[in-house]
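*Asks:* got a structure for you, letters missing:
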């Protein structure tokens, strides 16, 4: 099962949940703002990504918390702030088979497909040995390019 950690109001978290659901994959969504952050998960995320990558410095929560504060954060302080304010986390955080992905983008979709058990992977007709990932206007092709696409990868 795929676990998605994020906020219910996070567009990227909702897109990830929808993308997985459209492919018939069982996934569990954890709203961090309602549930809070489990200490074990936070430790795993800090170990995998580092506390600097976990904090979304473009978020309203970050701007509000750091307004008027000019001191430098250390790992201990960052961990405490993240555990008290889950809205600071970049999201979604996606867990599959004890592996973590941070964010929802084409690169992480490809990684996610590689982590899924064989029977959960997308299958296309044997004549087409490729996996197509659609992320709004981006398309990533794995395998030979079909003739209908130009060199840039966009439809003519």
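*Replies:* Perfect, I can see it now. This structure is a prediction, so every number in the text was calculated from the model and none was measured. Numbering: from 1, shown residues only.

*Asks:* at the geometric centre of the chain, which residue do we find?
*Replies:* residue 103 (3.0 Å; CA atoms, centre = their mean).

*Asks:* what is the neighbour count of the closest residue to it other than its chain neighbours?
*Replies:* The shortest distance from residue 103 to any non-neighbouring residue, by CB to CB, 6 or more residues apart in numbering, is to residue 90 (6.2 Å). Using the backbone N, CA and C atoms, a C-beta is placed for each residue, glycine as well. Here the number of neighbours of residue 90 (other CB atoms under 10 Å) works out to 19.

*Asks:* what's the separation between residue 90 and residue 57?
*Replies:* 9 Å (CB to CB, to the nearest Å).

*Asks:* what comes into contact with the helix or strand that residue 81 is a member of?
*Replies:* Per DSSP states H and E: residue 81 is located in helix 75-84. Helix 75-84 has contacts (CB atoms under 8 Å, 6 or more residues apart in numbering) with 36-37, 39, 42, 46, 51-52, 54-55, 65, 73, 88-89.

*Asks:* that older thread, wait, the residue nearest to residue 103 touches residue 56, no?
*Replies:* Yes - here residue 90 reaches residue 56: they are 4.4 Å apart, a contact under CB atoms under 8 Å.

*Asks:* can you pull the contacts of residue 108?
*Replies:* Taking CB under 8 Å, 6+ apart, one finds 94, 101-102 in contact with residue 108.

*Asks:* check the secondary structure at residue 3 for me.
*Replies:* Reduced to three states with DSSP: H, G, I helix; E, B strand; the rest coil, the structure at residue 3 is strand.

*Asks:* okay, now residue 12: neighbour count?
*Replies:* If you count neighbours by other CB under 10 Å, residue 12 ends up with 16.

*Asks:* pretty sure it sits in a strand.
*Replies:* No - per three-state DSSP, residue 12 lies outside any strand segment and is helix.

*Asks:* rewinding a little: give the full set of residues in contact with the residue nearest to residue 103.
*Replies:* 53-56, 102-103.

*Asks:* switch the cut-off to 10 Å
*Replies:* Residues in contact with residue 90 (CB atoms under 10 Å, 6 or more residues apart in numbering) are 6, 10, 12, 45, 49, 53-59, 102-103.

*Asks:* cool, thanks, signing off.
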